[in-house]
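> I need the structure of the sequence given here:
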Amino acid sequence: MNPNRTLSLILFALLALSADAASKREKAAVPATAPMTFAPFPQEHELASIWNDPDFARRLYGSYGFLSEAEPRLNAEEHQFYTNKIVPLLREDPKKAIPLLESRAKPGTSAQFDYLLGTIYFQNEDLTNAVKHFEAALVKFPDYRRAQKNLAFALVRDGKYADAIKPLTRTIALGAADGKVFGLLGFSYMNQGRYVSAEGAYRQALVFEPDNVDFKLGLVKCSVATANYDHALALLEELIRQYPERDNLWTLQANIYIQKEQPAKAALVLEMLRRLGKANAQTLFLLGDLYMAQEARDLALAAYLEALDKDGGQNVGKALRPAQILVSRGAWDEAGKLFVKIRSAGALNAEDELKLLKLESKAAMASGQGEKAVESLEQIINKNPLDAEALLLAGDFYAKNGQRERAEFRYQSVAGMDGSSFQADALVKHAQLLVQSQKYTQALELLRKAQKIKPRDNVQRYLEKIEQLARTSHL
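Down below sits the predicted model:
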């Protein structure tokens, strides 16, 4: 038998029951072959675990029934039309009932037709028409509880969280509140940055569903947003004890410790996640950063290397940021080991290759391997003659090794790059070379130009000393 036909037969046998009674009987009666989703969210959406829950879907499917004691009534003619014309189509395929319902969903007719039409559109993910017909039902019967509720749910499903708040709160006022209503209200408030209101809604949701992880996580996020970190951590401790296998809980806990400026505790949390075998590449890169913040270079390197293994060569370029951290901290040996791992992990794109060459040259220069460094720099310059930093670093090497003309050429190339962040530095470095040759007038010209581009106190003091030297040399 067609699953939709089976479902419709069950649902319409419940027309005169209350909402709670209907829900219980539907739950027991719906066959295993019946569809278990209702306009489902994609699995990656934040609300997927709430919305796609089978029990929640059953309640939405139950929307096709009528609650005669609490909703607009059908007159005798409308009831006959509904029973003889609409019910058979709903049993066969609800979409086939749309034309007949459209013909009846007019001013002066029962709001039930507008509501039922909206529910069919909702089930079939035509959210625009669903909202339109739920609103039409509410114009006719403002206290229509399920129309308010389904209107709110359709707006949430459509991502219109600000618009969903009013019908959600109206649903609560009409006495149709449950855990999902409060939970979606909390999510909608949070989406609008109304964290205190969201926290209140999530607390009410947990009264109905005390074990709902999503609602507890909503409370955690509200606490973080209002800087109530200790409360957020207490909630997470409880959740982690219940669900230690959920890596997102550990990661969230670590991020809160980072916001509290407690890197050691954050590292401990991520290390636990690592030992559980749940740490992904991104988590391990973060763990490495935390170890570097504590000057634990060997532990940081181990985390970075493991992150590259976890990544499997999918995005080798991500390792350039930790490589930059190691270089900036003067961790030359660790940086060298990471360079080797990066090159063996997979192919780099052209831009990342240049970045790695530059990092390798900086590390080599700082560790006394100037020839190796300048070889990397010249590779960069050949590929990109306008790389100001590489030109400047090469100029520094030539200047230190007595190759004055080559150094001046590199500095002049950068000095001519208007708008470059390295332009002022190149002018100062070129001026220093000229001072060594006692060409004070030319040096002063370059220093003054550098100060116009990027004024600095130390450069000004150096300029004044050269002015004194220039005056003395003319005596």
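> Please name the residues that touch residue 467.
By CB atoms under 8 Å, 6 or more residues apart in numbering, residue 467 lies in contact with residue 444. C-beta coordinates here come from the backbone N, C-alpha and C atoms, glycine included.
> Residue 168 and residue 184 touch, don't they?
Yes - with contact defined as CB atoms under 8 Å, residue 168 reaches residue 184; the gap is 6.3 Å.
> how would you label residue 299: helix, strand or coil?
Secondary structure of residue 299, reduced to three states by DSSP: H, G, I helix; E, B strand; the rest coil: helix.
> How many neighbouring residues does it have?
Here the number of neighbours of residue 299 (other CB atoms under 10 Å) works out to 17.
> and what of the one 10 residues further on?
By other CB under 10 Å, the residues close to residue 309 number 12.
> So for it, what's the pLDDT?
At residue 309 the predicted local distance difference test score is 90.
> same for the helix or strand containing it, what does it pack against?
Following DSSP states H and E, one finds residue 309 within helix 297-311. Identification of packing neighbours for helix 297-311 by 3 or more CB pairs under 8 Å, 6 or more residues apart in numbering; DSSP states H and E yields helix 281-293, helix 320-328, helix 332-345.
> rerun at 10 Å
Contacting helix 297-311 under the criterion 3 or more CB pairs under 10 Å, 6 or more residues apart in numbering; DSSP states H and E are the following elements: helix 263-275, helix 281-293, helix 320-328, helix 332-345.
> Dump these into TSV; add distance to residue 41 and mean pLDDT as well.
Below are these laid out as TSV (distance: least, CB to CB, whole Å; pLDDT from 0 to 100):
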stretch	distance to residue 41	mean pLDDT
helix 263-275	27	94
helix 281-293	24	94
helix 320-328	33	92
helix 332-345	36	91
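> and for residue 168 and residue 184, which residues touch both?
When CB atoms under 10 Å, 6 or more residues apart in numbering defines a contact, the residues bordering residue 168 and residue 184 alike are 149, 152-153, 155-156, 161, 201.
> Could you point out which of those is nearest to residue 95?
For the shared contacts of residue 168 and residue 184, the closest approach to residue 95 (CB to CB) belongs to residue 153, at 19.4 Å.
> quick one: secondary structure of that closest one?
Following three-state DSSP, residue 153 is assigned to helix.
> Let me know whether it touches residue 167 as I believe.
Yes - checked against CB atoms under 10 Å, the pair residue 153 and residue 167 is within contact range at 8.7 Å.
> thinking again about what came up before, so which bits of the helix holding residue 309 are buried?
Within helix 297-311, the residues scored as buried using 16 or more other CB atoms under 10 Å are 297, 299-308, 311.
> Over to stretch 134-150?
Residues of stretch 134-150 classed as buried by neighbour count (16+ other CB under 10 Å): 134, 136-138, 140-141, 144-150.
> Count the neighbours of residue 127 for me.
Neighbour count for residue 127, taken as other CB under 10 Å: 20.
> My error: substitute residue 473 in the last question.
10.
> Roughly how far does the nearest residue to residue 251 once chain neighbours are set aside sit from residue 219?
Counting by CB to CB, 6 or more residues apart in numbering, residue 251 lies nearest to residue 283, which is 6.2 Å off, once chain neighbours are set aside. If you measure residue 283 against residue 219 using CB to CB, to the nearest Å, the figure is 23 Å.
> Also residue 280?
As for residue 280, its distance to residue 219 is 25 Å (criterion: CB to CB).
> Where does pLDDT dip in the chain?
Judged against pLDDT under 70, the low-scoring parts of the chain cover residues 1-39, 47, 49-70, 474-475.
> Domains in it, by residue range?
With automatic domain parsing as the criterion, the domains of the chain are listed as 1-161, 177-259, 385-475.
> Can you tell me which of these is nearest to residue 269?
Minimum separation from residue 269 across the domains of the chain (CB to CB) falls at domain 177-259, 4.3 Å.
> next one: that closest one to chain centre, how far?
17 Å (CA atoms, centre = their mean, to the nearest Å).
> For that domain, measure first residue to last.
Across its full length, domain 177-259 reaches 36 Å end to end, with CA to CA, to the nearest Å as the criterion.
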